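Undergrad: Generate coordinates for the sequence data below:
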Amino acid sequence: MYKWTGKRILALLLALALFCAGIPAAMAETQEINSLTLEQLIEMNDGNLIYTTDDEGHITFLQGKFCEDKVTDLSGVAKALSGVLTLLGGDENTMFSQAVGMQDDYGNCYYSLYQWSGDMAVQYAVVKVVTDAEGNTIALSSSLVPGKPAQDDALISPEEALNLVKAHLALQSPDTAYSLYEDKMDKAIIPYSDDESEAIEMRMVYIIYTDNPNSSVKSNDLPYLAHYVSCAGKYLYNMPVSSRGNEPAISGGNPLKSFEGMESAEYTGTVTMHDGSTKEITVPVMKDAAGTYYLADIERHIAVADCWEFMYNEGAVAVSSSPDNTGWDDKQLMAYENYIEAHDYYAAVGWYSTDGLHTPILLLADFVDENKNPVNNACYVGKIFGWQCFAATSALNNYCEALDVIGHEYTHGFTTASMTVIRYENQYGAINESMSDIMGNIMEMLTGRTSDTTWLIGEVTGEAIRSMTDPNRFAQPAYVGDRYYVPDAAVPGQTNDRGGVHVNNSLLCLVATKLCEAGMTLEEARSLWTTFICGLVPGSDYEDVCRMLPFAADLSGLSRYKEAIVKALDEIGLDNSEPFAVIKEGCGLLSMDVPKGIDPSKVQFIIVDKTARPCLTWPSAQTGKIEIILEAGEYLMYIVSIDGAPTYYSCDDKWSNDVSQIKPVVIADGETTVLQATVETVELPVATDASAAE
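TA: You can find the predicted model right below:
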């Protein structure tokens with residue numbers, strides 16, 4: 001169980017929060033860096049050091065002591081990190097800042113650090129230091145990126161930032177007079193995405209304040225504009241705020257305004273499910289002074305609002321309302337109730353809101369695109385304008401009814417906060433998706449919201465999307481190298497499920513079900529997986545998992561399950577670095593190079609068996625080959641493009657775009673079938689109007 005003990009460092013003080021070579025800037029002149037060797041670490045731990053390394057030999061996870069001194073504050077973290085920095089791939093130019101800090105009920109502390117270069121956090125580069133209740137270092141996870149210099153000299157001065165704001169105002173609003181408050185300037189770390197990129201990155205910024213010329217009697221509670229300037233010298237954006245230097249200004253939003261002046265109330269009524277059945281529902285609402293009711297919770301700071309208005313109308317928060325506390329939308333009510341359940345599931349272990357900071361939550365109703373076309377999905381959108389946002393309802397699905405689906409999405413917010421950023425691709429993304437499925441299902445079962453005992457996902461909607469106990473049922477692998485197992489993709493993207501994040505997530509999910517079969521209770525499972533998530537960093541892969549999960553059992557008082565954990569991990573083969581090296585009895589290996597002229601990032605390799613059930617794969621990021629283990633038998637095979645290129649069909653000695661030449665590929669028991677990697681594009685006859693009509 002977890003309790004929040006720190007907070008995100010928003011007002012950034014370089015002398016306290018930034019680390020150069022693991023040493024606080026204020027201490028750099030008095031503290032020496034003493035780099036340890038791996039041999040010294042092993043000796044420090046009496047030969048019992050457990051660790052994993054990446055392909056370059058840099059440590060990605062270690063379990064054991066790595067500093068002789070106690071660690072009780074940031075200076076201690078800095079010293080501990082300095083001793084192992086070179087083993088992680090860092091050097092004297094590596095810079096860090098504190099991202100988040102946590103403490104569990106056993107007193108273990110988790111210090112997460114961003115790696116920085118210039119004014120930006122290095123993408124996916126996080127180091128997490130773990131200490132016990134006495135301050136002894138006991139573990140470390142790292143996805144540090146070598147060769148990223150601090151580049152302090154590239155950052156602009158406060159005076160230069162002020163001049164950028166003046167230049168922006170002179171260009172954008174030459175006829176408007178602004179009062180510039182030069183006496184108050186903040187420095188902060190905020191999430192930001194450039195217009196040309198979807199990636200949200202942490203940026204170090206100056207915040208400079210002017211008056212808000214658009215304020216009026218009605219909106220006079222937002223009399224200032226906060227202008228955000230990158231420390232690398234780029235004007236980013238501005239937003240109205242109620243005061244200079246307050247938390248909303250520093251975090252980039254003012255969501256608490258939606259709850260101010262409201263009175264708590266309650267709604268009880270009946271909702272109709274997708275199958276026509278009904279149930280009674282009771283949820284908190286709030287009421288303003290005029291007597292209008294809103295679908296929002298003052299205590300938990302959760303509100304339901306229109307998706308299009310918020311996403312495409314400059315962050316407008318149109319909270320769902322009713323003049324008399326009747327007529328609420330059924331889907332919104334069900335989603336709202338389930339998100340309250342998800343919130344309370346984590347609040348019970350001391351984690352409030354998705355980031356642990358009590359940040360208000362906005363549930364976006366009627367998920368649509370910019371053109372107001374419904375989107376068939378449910379998702380964690382991220383932190384926008386100070387809100388933790390979820391796409392909560394859609395006209396095209398009934399996921400709002402399923403607590404396991406909503407718990408899945410809510411857990412994405414928890415893992416994002418704990419890991420500081422998500423690397424949503426390949427093994428890293430599959431692990432992340434596993435955590436959401438596991439927690440969503442535990443949540444649903446603990447609250448008695450399902451009668452399912454087979455760990456299905458979304459079953460209450462009448463249309464399950466995954467099975468954690470029988471992954472093959474939904475074209476997912478039951479072990480590494482299984483028929484549906486997919487390799488890491490060299491170019492994760494749309495065609496390959498970003499490297500199989502929703503395909504291979506079944507592997508860790510199956511571990512979770514096996515542990516409960518071995519006697520682990522749902523409460524114990526919640527504790528284990530919460531601990532495990534708190535140890536992850538964006539670069540944690542399956543090899544790290546095999547070391548981290550038994551360690552998480554130790555930390556959460558569940559050491560009696562370590563044997564069951566190791567057995568489950570072994571049965572599923574998560575420590576298998578060569579998934580296609582061993583061919584299971586009754587199966588054969590299919591292998592081929594990518595044909596010349598085929599862009600592997602824009603195609604899917606589809607295999608269809610005699611029952612017409614397809615599976616897909618793609619070239620391995622490690623070998624560049626297409627490899628897959630299949631049950632012995634005949635298969636039709638296709639190379640399908642997403643950019644308008646021809647579809648190619650497997651023939652005897654080539655791939656052809658002529659479907660009339662397609663022939664089944666025979667996979668023999670215990671053998672390797674090597675397909676030709678040549679393609680033939682023939683000019684096919686164009687159908688006439690008459691033939692098309694026929």
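Undergrad: So which residues of the stretch 1-150 of the chain form strands?
TA: For the stretch 1-150 of the chain, the strands defined by DSSP state E, counting those that start in this stretch occupy 2-4, 18-20, 23-24, 50-53, 59-63, 95-104, 109-117, 120-131, 137-142.
Undergrad: just checking, what packs against the last one?
TA: The reference is to strand 137-142. strand 59-63, helix 74-88, strand 120-131, helix 542-555 (3 or more C-beta pairs under 8 Å, 6 or more residues apart in numbering; DSSP states H and E). All C-beta spots, glycine's among them, are computed from the backbone N, C-alpha and C.
Undergrad: Neighbouring strands - and their directions - for it?
TA: Applying DSSP bridges to the sheet, strand 137-142 is found paired with strand 59-63 (antiparallel), strand 120-131 (antiparallel).
Undergrad: For Phe96, list each beta-bridge partner.
TA: Phe19, Gln115.
Undergrad: Where does pLDDT dip in the stretch 1-150 of the chain?
TA: 1-34, 150 (pLDDT under 70).
Undergrad: unless I'm mixing things up, Thr420 is touching Ala99, no?
TA: Yes - counting by C-beta atoms under 8 Å, Ala99 is a contact partner of Thr420 at 4.4 Å.
Undergrad: of those two, who's got more company?
TA: Ala99 (25 against 20; other C-beta atoms under 10 Å).
Undergrad: Format the strands paired with strand 137-142 as a markdown table; extra columns: distance to Thr272.
TA: As requested, the strands paired with strand 137-142 are exported to a markdown table (distance: least, C-beta to C-beta, whole Å):
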| stretch | distance to Thr272 |
| --- | --- |
| strand 59-63 | 49 |
| strand 120-131 | 44 |
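Undergrad: Mean neighbour count and distance to Asp452 added to the ones you listed, as CSV?
TA: Output for the strands paired with strand 137-142, formatted as CSV (neighbours: other C-beta atoms under 10 Å; distance: least, C-beta to C-beta, whole Å):
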stretch, mean neighbour count, distance to Asp452
strand 59-63, 24, 34
strand 120-131, 23, 35
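Undergrad: Which one of those strands lies nearest to Leu522?
TA: Distance to Leu522, taken as C-beta to C-beta, is lowest for strand 120-131 among the strands paired with strand 137-142, at 25.2 Å.
Undergrad: For the residue nearest to Ser434 when sequence neighbours are not counted, give its distance to Leu549.
TA: Among residues not flanking Ser434 along the chain, Leu508 sits closest, at 3.6 Å (C-beta to C-beta, 6 or more residues apart in numbering). Using C-beta to C-beta, to the nearest Å, one gets 9 Å for the distance from Leu508 to Leu549.
Undergrad: Next: Ala417.
TA: Distance, Ala417 to Leu549, using C-beta to C-beta: 20 Å.
Undergrad: If you tally nearby residues, what's the number for Ser353?
TA: Ser353 is flanked by 22 other residues according to other C-beta under 10 Å.
Undergrad: contacting residues around it?
TA: 301, 343, 359-361, 388, 413 (C-beta atoms under 8 Å, 6 or more residues apart in numbering).
Undergrad: Excluding covalently adjacent residues, which one is nearest to it?
TA: That would be Thr359: by C-beta to C-beta, 6+ apart, it lies 4.5 Å from Ser353.
Undergrad: Would you confirm that the one you found contacts Trp387?
TA: Yes - using C-beta under 8 Å, Thr359 makes contact with Trp387 at a distance of 7.3 Å.
Undergrad: quick one: common contacting residues for the two?
TA: Joint contacts of Thr359 and Trp387 (C-beta under 8 Å, 6+ apart) are Pro255.
Undergrad: what about these two, which has more around it?
TA: Between Thr359 and Trp387, counted using other C-beta under 10 Å, the more crowded position is Trp387 (26 against 22).
Undergrad: mind checking the backbone torsions on that one?
TA: The phi/psi pair for Trp387 (degrees, to the nearest 10) reads phi -100, psi 150.
Undergrad: surely it meets Asp355?
TA: No - with contact defined as C-beta under 8 Å, Trp387 does not count as touching Asp355 (11.0 Å).
Undergrad: how close does the residue positioned nearest the centre of the chain get to Met435?
TA: Centroid-nearest residue in the chain: Ile422, 3.9 Å away (criterion: C-alpha atoms, centre = their mean). Counting by C-beta to C-beta, the gap between Ile422 and Met435 amounts to 10 Å.
Undergrad: same check, this time on Thr131
TA: Going from Thr131 to Met435 by C-beta to C-beta gives 23 Å.
Undergrad: Show me the shaky parts of this protein.
TA: 1-34, 150-153, 194-200, 215-221, 246-253, 686-694.
Undergrad: that's a helix at Ala342, yeah?
TA: Yes - assessed with DSSP: H, G, I helix; E, B strand; the rest coil, Ala342 lies in a helix.
Undergrad: Does it touch Tyr410 like I think?
TA: Yes - Ala342 sits in contact with Tyr410 when judged by C-beta under 8 Å, with a separation of 3.8 Å.
Undergrad: Residues in contact with both of Thr420 and Ala99, list them for me.
TA: Common contacts of Thr420 and Ala99, defined by C-beta under 8 Å, 6+ apart, comprise 112, 114, 126, 202.
Undergrad: ok, and the closest non-adjacent residue to the second one?
TA: In this case it means Tyr114. Ala121 (4.3 Å).
Undergrad: List the contacts of Ala335.
TA: Shown in contact with Ala335 (C-beta under 8 Å, 6+ apart): 304, 363, 365, 392-393, 400, 406.
Undergrad: swap the cut-off to 10 Å and go again
TA: Ala335 makes contact with 295, 304, 329, 363-365, 378, 390-394, 399-402, 405-406, according to C-beta atoms under 10 Å, 6 or more residues apart in numbering.
Undergrad: Can you flag which of those belong to strands?
TA: Among the contacts of Ala335, the residues falling in strands (DSSP state E) are 304, 363-365, 390-391.
Undergrad: Kindly reformat these as a markdown table containing neighbour count and distance to Tyr312.
TA: As requested, these are arranged in a markdown table below (neighbours: other C-beta atoms under 10 Å; distance: C-beta to C-beta, whole Å):
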| residue | neighbour count | distance to Tyr312 |
| --- | --- | --- |
| Val304 | 28 | 17 |
| Leu363 | 28 | 17 |
| Leu364 | 25 | 11 |
| Ala365 | 27 | 14 |
| Phe390 | 27 | 17 |
| Ala391 | 22 | 13 |
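Undergrad: Tell me how far the residue nearest to Ser434 lies from Met548.
TA: 11 Å.
Undergrad: what touches both of the two?
TA: Phe532.
Undergrad: More neighbours: which of these two?
TA: More crowded of Leu508 and Met548, by other C-beta under 10 Å: Leu508, with 26 against 22.
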